[in-house]
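Chemist: pasting the structure only:
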């Protein structure tokens with residue numbers, strides 16, 4: 001099988017942060033990219049999830065739940081800050 005080089009441009013900060021995560025799993029960046037491309041080719045879908053609620057704060061999760069249930073009410077920034085200071 002022949003191989004081909006493919007270059008991409010990344011911001012240094014993105015590269016550093018992403019490569020650190022990849023390497024923490026014991027993979028090289030090249031291995032991780034090959035795995036991503038192989039999975040894409042074999043399944044005909046992009047193997048990503050956009051469900052980031054796991055890392056969301058409790059207040060963010062509460063806000064999402066309120067939006068989904070229809071319990072959300074708008075308030076001004078001043079009202080929000082007053083409520084926040086009242087709790088502290």
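Modeler: Thanks, I have the structure now. What you see is a predicted model; the values in this text were computed from it and never measured.

Chemist: so how far is residue 8 from residue 17?
Modeler: 15 Å (Cβ to Cβ, to the nearest Å). All C-beta spots, glycine's among them, are computed from the backbone N, C-alpha and C.

Chemist: same question, residue 31
Modeler: Residue 31 is 16 Å from residue 8, where distance means Cβ to Cβ.

Chemist: Next: residue 63.
Modeler: Counting by Cβ to Cβ, the gap from residue 63 to residue 8 is 35 Å.

Chemist: Tell me which of residue 31 and residue 8 has more neighbours.
Modeler: Per other Cβ atoms under 10 Å, whichever of residue 31 and residue 8 has more neighbours is residue 31, with 12 against 6.

Chemist: Which helix or strand contains that one?
Modeler: Using DSSP states H and E, residue 31 sits in helix 29-43.

Chemist: Name the residues that touch that helix?
Modeler: 18, 19, 22, 23, 25, 27, 46, 47 (Cβ atoms under 8 Å, 6 or more residues apart in numbering).

Chemist: Tell me the helix or strand right after that helix.
Modeler: For helix 29-43, the following helix or strand on the C-terminal side (DSSP H and E) is helix 58-69.

Chemist: Point out the other helices and strands that that next one packs with.
Modeler: On a contact count with 3 or more Cβ pairs under 8 Å, 6 or more residues apart in numbering; DSSP states H and E, helix 58-69 meets no helix or strand.

Chemist: Where does the prediction get shaky in the chain?
Modeler: Across the chain, the ranges flagged by pLDDT under 70 are 50-57, 73-81, 84, 88.

Chemist: helices and strands around the helix or strand where residue 17 lies, which ones?
Modeler: With elements taken from DSSP H and E, the one containing residue 17 is helix 12-24. If you count contacts as 3+ Cβ pairs under 8 Å, 6+ apart, helix 12-24 packs onto helix 29-43.

Chemist: could you give the angle of the helix it packs on to helix 12-24?
Modeler: 80 degrees (axes from the mean of the first three to the mean of the last three Cα atoms, to 10 degrees).
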